[in-house]
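> Give me a 3D structure for the following:
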Amino acid sequence: MDFDASLLRQDRCAVVRARGEIDVVSRERFEAALAEALESGGPVIIDMREVVFCDSTGLNALVTANKRAIEQGTAIALVAVPPRVRRVFRITAVDEFIPIYDTLREAINALPSKTAP
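Next up, the predicted model:
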């Protein structure tokens, strides 16, 4: 299955919708989508409901994006991670650093409230 990523901007966050296989072939496109989402300066939610596979390059892209988000004072969260992919996140402990929610609504509700500068 080919990879695709689309970016949606919402009031409180940017949402990256990933579809297909996140692997060495699609890594650059996935990283570019994450970087573009992080440019907004706010939280990023990655909707993974249509991801069928994620290898170590995909995991590395997520960990790197999470590190960048933390440096920017924001957060990344994952949504609707299929069981097969979620198992990889659990085995590698990625789920201990990047929260995973069942629904987009849950992830948005978990975002910290915006504070005035």
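
> so Gly42 touches Val15, yeah?
No: counting by CB atoms under 8 Å, Gly42 sits too far from Val15 to count as a contact (10.8 Å). Placement of C-beta: from N, CA and C, glycine included.

> Tell me how far Ser56 lies from Ile22.
Look at Ser56 and Ile22: by CB to CB, to the nearest Å, they are 10 Å apart.

> gap between the longest helix belonging to the chain and the chain center?
If each helix of the chain is counted by residues according to DSSP state H, the longest one is helix 56-71. Relative to the chain's own centre, helix 56-71 is displaced by 9 Å; criterion: CA atoms, centre = their mean, to the nearest Å.

> could you say what helices and strands it packs with?
Judged by 3 or more CB pairs under 8 Å, 6 or more residues apart in numbering; DSSP states H and E, helix 56-71 is in contact with strand 14-22, helix 27-38, strand 44-54, strand 76-79.

> for these, which one sits closest to Val85?
strand 44-54 (5.0 Å; CB to CB).

> elements contacting the closest one?
Using 3+ CB pairs under 8 Å, 6+ apart, strand 44-54 is in contact with strand 14-22, helix 27-38, helix 56-71, strand 76-79, helix 83-91, helix 104-110.

> pLDDT below threshold where in this protein?
Within the chain, the segments meeting pLDDT under 70 span 1, 113-117.
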